[in-house]
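Chemist: the sequence and its predicted three-dimensional model are supplied below.
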Amino acid sequence: MERMQQVVGRARAAFNSGRCRPLEFRIQQLKALERMVKEKEKEILAAIKADLHKCGHNAYSHEIMGVLGELALTMEKLSSWAAPQPVKKNLLTMRDEAFIHYDPLGVVLIIGAWNYPFVLVMQPLVGAIAAGNAVVVKPSEISENTAQLVADLLPQYLDQELYPVVTGGVPETTELLKQRFDHILYTGNSTVGKIVMAAAAKHLTPVTLELGGKSPCYIDKDCDLAVACRRITWGKYMNCGQTCIAPDYILCDPSIQSKVVEYIKATLQEFYGADVKSSPDYERIINKRHFKRILSLLEGQKIAHGGETDEASCFIAPTILTDVSPESKVMEEEIFGPVLPIVTVKSVDEAIEFINRREKPLALYIFSNNKQLIKRVISETSSGGVTGNDVIMHFFLSTLPFGGVGNSGMGAYHGKHSFETFSHRRACLIKDLKMEGTNSLRYPPSSQKKVDW
Amino acid sequence: MERMQQVVGRARAAFNSGRCRPLEFRIQQLKALERMVKEKEKEILAAIKADLHKCEKKTLTYEFMSVLEELALATGRLPSWAAPQPVERNLLTIRDETYTCFEPLGVVLITGTWNYPFLTVMQPLIGAIAAGNAVVVKPSEISENTAQLVAELLPQYVDQELYPVVTGGVPEMTELLKQRFDHIFCITNSTVGKIVMAAAAKHLTPVTLELGGKSPCYIDKDCDLAVACRRITWGKYMNCGQTCIAPDYILCDPSIQSKVVENIKATLQEFYGADVKSSPDYERIINKRHFKRILSLLEGQKIAHGGETDEASCFIAPTILTDVSPESKVMEEEIFGPVLPIVTVKSVDEAIEFINRREKPLALYIFSNNKQLIKQVTSETSSGGVTVNDVLIQYGILSLPFGGVGTSGMGTYHGKHSFETFSHRRSYLIKDLKMDILSMWRYPPSSQKKLDL
């Protein structure tokens, strides 16, 4: 598709014009984005609702609040982030200027995902603009309403050549990936992540891959189970389980399994009422394909709670599975749905071993009053990030770099980390041409005398 | 080759044993490396000399000093590098522990290169060990003496399972690249860099690629030409031009071209004497293949100085070409030899345009007394690093991240940057289970009231 070549070519020409280099220009664009989010709040919430059956309040707190926060932070801090960062000098360079400067990369590509369709496109976009790049934005076609809205809105507020939006599915994305970018940030799954990285390799394009995995949630016997289960319930069933850092499954001692189920059930009642299907706070599965995928994970499982479904509306009730076998299908792939398996383990050692036998997850959760135990689990495992005694929340602190490791991804972003991700960290050494005498030791002809000095 | 699978498998089992997690163990290994460098100094110098015809004293200065400096830095600073780094909290997390921590990745692969065969293997190895990984070391087979020596020495000093050395050429490297690593560090050219990244994509392995390119050297009319030319001569002809950050070509006004040539000629006389071939300070081209490659670049060129060659000893005299056409062969690929083309440009704008029409280089050099001009060239171009009024020495400042951008590479290393490159920066949010009332705003059922909170 020549169209992709043209879009990217125009973005590159716009970047080469130099107009997004001055900080004033970038801040002006970010201000325009902020205006867009505030002025078009209604439309944005409506699009997210149409895609995910998400009520306005939740859409606002999940997606809009974060974006506004990111914009405010970035506009406030940009001049300090973009300033030269001096580095420690040694004896030889005492008279010189040595610093790091964050330079724009050029034209970057952002590929969003469908589960939080607005924030997953906007949050990286904020960092990419702040870093002085041209940005090609490719929202996920699966969340089609939000994709269409982003395609309509961005050109109304931002420089159209520098920040084009490309819509479409697999064919369009494949064509886009043939173009040359200076960085690609992709949010999605590991399978496509490999495809993106392979395409990037052809141009030696660095990538940030925000992938997924099965984020384990270990509940120790020594903890306030009611609070733990309330927090887990919130994080698990938010967005109908379609959150990259949702607690995927629980690991706990068999002696507390039934208590855990009870508390989660009670919390579900608190949150969604007796009839979950009619709660405005409970979302739906994004489409039939994922609905069927999640349904198949229930086969042969012991359903302790939930299990009701309705294909027409892509509804799957909040579900808990107990005594789940580690070899079962639901324990193979990332669930990304409102199904919570509980796997029993007889000790924290067994839990650690269980976690380490699998791919490194995006998030790891540990619930315990015992700080030593938390420290132990942390130091003997690896994961993108960790939240202790809660779930999800490390995502919301923008000073924490957000990203995966191993199969769950590479690179990180959020806040200043976005700015750095979309920049080239250039090493600068400024000397003058005086004091040439001090260099004589390094010049040939060499001698032992020079070396000894 | 099953051998590769076994070597990597053993390294992984050794990593999983957890023995390289404690800082004491890592420091002990680094201290052993230090002993190796000091005890086997003679053997190492002899191997490098056999590979590159390098004068002992010069090698002592560059390769040894850098390695010893890295070792001292890593052993001294490791506890602070590996300590948790607190991050700024927001209102929601004011009661919590929030920090990042650099943690081991697992099994990493380091492939060195032949031009500084000892340094390019040891420098990243130090960072990888400090970061707590198992490390598979693959020295370049082209510098075969050093490769063989590294293969013999490392097992005598450091943990044999954790830090195996693999020797061999393309077939061995291809087989090695099929294995799964947690990071691949490779110093090579862009062509091989793409192959490495493509192989890494299959396992979602992050990469650091230290590649090359044509590092431009702009000489302004307003500068102390004698000093500038001395520094350029030193950096260009060191190691017979076989340095990734050697000034590849000169850009200058036509009016100073002959002065530049004169000054370089005078400096060459100072450095190597009348008969360069018999100077112990002048190296040789690594092998016949590269000798022929560089020779072919001279075809049709105006040789202002040098041009003498001797295939038997892979000798190419320090050579200067004038009035070089931008379209000629010598201006296409990285020269990596003692041939210095001068391309004339009529203004700094023309120089900037010239640089920007080409791939982003690993280094950019500007010689000028004019601060404004320096700022202009720096801000209107991109490169791995920038050094003003000197060449090469940015490499020796370990606090500066060393790496490329675009086709000159991705990622950085040296000093603390090596440690960070070979680590996973994990984010932590550790809460307690008290005060859950503070979380009420986020729980369903949602409401405007909760949102306003």
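Modeler: Arrived safely. Numbers count the residues shown, from 1 in each chain, chains lettered A, B, ... in the order given.
Chemist: could you look up the SS state of residue A:137?
Modeler: Following DSSP: H, G, I helix; E, B strand; the rest coil, residue A:137 is assigned to strand.
Chemist: neighbours around it, how many?
Modeler: 24 (other C-beta atoms under 10 Å in any protein chain shown). The C-beta positions use only the backbone N, C-alpha and C, and glycine is treated the same way.
Chemist: okay, and the beta partners of it?
Modeler: Beta-bridge pairing for residue A:137 (DSSP bridges): residue A:110, residue A:165.
Chemist: now the end-to-end length of stretch A:398-414.
Modeler: Across stretch A:398-414, the terminal residues are separated by 5 Å (C-alpha to C-alpha, to the nearest Å).
Chemist: from the chain's centroid, how far away is that stretch?
Modeler: Put simply, stretch A:398-414 sits 7 Å off its chain's centre (C-alpha atoms, centre = their mean, to the nearest Å).
Chemist: is it in proximity to chain B?
Modeler: Yes: judged by C-beta under 8 Å from any C-beta of the partner chain, stretch A:398-414 and chain B are in contact via A:398, A:399, A:400, A:401, A:402, A:405, A:406, A:407, A:409, A:410, A:411, A:412.
Chemist: restricted to helices, list these.
Modeler: Residues of these located in helices (DSSP state H): none.
Chemist: pipe the residues you listed into CSV and attach pLDDT and neighbour count per row.
Modeler: Output for the residues of stretch A:398-414 next to chain B, formatted as CSV (pLDDT from 0 to 100; neighbours: other C-beta atoms under 10 Å in any protein chain shown):
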residue, pLDDT, neighbour count
A:398, 95, 22
A:399, 97, 19
A:400, 98, 28
A:401, 98, 23
A:402, 98, 26
A:405, 98, 28
A:406, 98, 25
A:407, 98, 23
A:409, 98, 28
A:410, 98, 25
A:411, 98, 20
A:412, 98, 24
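Chemist: farthest-apart pair in the residues you listed, please.
Modeler: Distance extremes for the residues of stretch A:398-414 next to chain B: the farthest pair is A:399 and A:407 at 25.6 Å, using C-beta to C-beta.
Chemist: let me see the contact set for residue A:433.
Modeler: By C-beta atoms under 8 Å, 6 or more residues apart in numbering or on different chains, residue A:433 lies in contact with B:223, B:224, B:227, B:228, B:367, B:369, B:389.
Chemist: make CSV out of these and add pLDDT and secondary structure.
Modeler: Shown next, in CSV, are those (pLDDT from 0 to 100; DSSP: H, G, I helix; E, B strand; the rest coil):
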residue, pLDDT, secondary structure
B:223, 95, coil
B:224, 96, coil
B:227, 97, helix
B:228, 98, helix
B:367, 98, strand
B:369, 97, coil
B:389, 98, coil
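Chemist: out of these, which is nearest to residue B:137?
Modeler: When those are ranked by distance to residue B:137 (C-beta to C-beta), residue B:389 comes first, at 36.5 Å.
Chemist: just give the closest residue to that closest one, not the sequence neighbours.
Modeler: The spatially closest residue to residue B:389, leaving aside those adjacent along the chain, is residue A:431, at 4.4 Å (C-beta to C-beta, 6 or more residues apart in numbering or on different chains).
Chemist: let me know whether the one you found touches residue B:390 as I believe.
Modeler: Yes: contact criterion C-beta atoms under 8 Å: residue A:431 and residue B:390 qualify, at 4.8 Å.
Chemist: of those two, which one has the most company?
Modeler: Taking other C-beta under 10 Å, residue A:431 and residue B:390 do not tie; residue B:390 has more neighbours (23 against 19).
Chemist: I figured that one hits residue B:234, correct?
Modeler: No: contact criterion C-beta under 8 Å: residue B:390 and residue B:234 do not qualify, at 9.1 Å.
Chemist: wait, residue A:247 touches residue A:367, no?
Modeler: No: in this structure residue A:247 lies outside contact range of residue A:367 using C-beta under 8 Å: 9.7 Å.
Chemist: and stretch A:321-330, how far apart are its ends?
Modeler: Termini of stretch A:321-330 sit 10 Å apart (C-alpha to C-alpha).
Chemist: what comes up buried for it?
Modeler: A:321, A:322, A:324, A:330 (16 or more other C-beta atoms under 10 Å in any protein chain shown).
Chemist: now swap in stretch A:46-65 and tell me
Modeler: A:46-49, A:51-64.
Chemist: can you tell me how far the residue nearest the centre of chain A is from residue B:205?
Modeler: Nearest to the geometric centre of chain A sits residue A:210, at 5.0 Å (C-alpha atoms, centre = their mean). Residue A:210 sits at a distance of 16 Å from residue B:205 (criterion: C-beta to C-beta, to the nearest Å).
Chemist: now do the helix or strand harbouring residue A:155: distance to the chain's middle.
Modeler: If you go by DSSP states H and E, residue A:155 is part of helix A:144-157. How far helix A:144-157 lies from its chain's middle: 21 Å, per C-alpha atoms, centre = their mean.
Chemist: show me what it is in contact with.
Modeler: Contacts with helix A:144-157, where a contact means C-beta under 8 Å, 6+ apart, come from A:32-33, A:35-36, A:40, A:43-44, A:46-48, A:50-51, A:117-118, A:121, A:137, A:139-141, A:163-165, A:167.
Chemist: now, which of those residues lie within helices?
Modeler: Going by DSSP H, the helices hold A:32, A:33, A:35, A:36, A:43, A:44, A:46, A:47, A:48, A:50, A:51, A:121 from the contacts of helix A:144-157.
Chemist: out of these, flag the one nearest to chain B.
Modeler: The closest of those to chain B turns out to be residue A:48 (C-beta to the nearest C-beta; 13.7 Å).
Chemist: get me the contact residues on the stretch 251-400 of chain A for chain B.
Modeler: So the stretch 251-400 of chain A meets chain B at A:270-273, A:279-282, A:356, A:367, A:369, A:374, A:378-380, A:382-390, A:393-394, A:396-400 (C-beta under 8 Å from any C-beta).
Chemist: filter the residues you listed down to the buried ones.
Modeler: Buried residues within these, counting neighbours by 16+ other C-beta under 10 Å: A:271-272, A:279-282, A:367, A:369, A:374, A:378, A:380, A:382-390, A:393-394, A:396-400.
Chemist: end to end, how far does stretch A:100-117 reach?
Modeler: Start-to-end span of stretch A:100-117 (C-alpha to C-alpha) is 34 Å.
Chemist: now do it: distance to the chain's middle.
Modeler: Stretch A:100-117 has its C-alpha centroid displaced from the chain centroid by 12 Å (C-alpha atoms, centre = their mean).
Chemist: pLDDT on that stretch, on average?
Modeler: In this model, stretch A:100-117 has an average pLDDT of 98.
Chemist: just the pLDDT at the residue nearest to residue A:194 when sequence neighbours are not counted, thanks.
Modeler: Leaving out its chain neighbours, the residue that sits closest to residue A:194 by C-beta to C-beta, 6+ apart is residue B:201, at 5.4 Å. We have a pLDDT of 98 for residue B:201.
Chemist: just residue A:451 next, same as before
Modeler: Listed pLDDT for residue A:451 reads 62.
Chemist: and the stretch 1-150 of chain A, which residues reach chain B?
Modeler: Counting by C-beta under 8 Å from any C-beta, the stretch 1-150 of chain A comes close to chain B at A:16, A:18, A:21, A:55, A:57-58, A:60-61, A:87-90, A:92-93, A:98, A:100-101, A:103-106.
Chemist: only the buried subset of the residues you listed, as a ChimeraX command please.
Modeler: The following ChimeraX line selects those of the residues of the stretch 1-150 of chain A next to chain B that are buried, judged by 16+ other C-beta under 10 Å:
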select /A:55,57,58,60,61,87,89,93,98,100,101,103,104,105,106
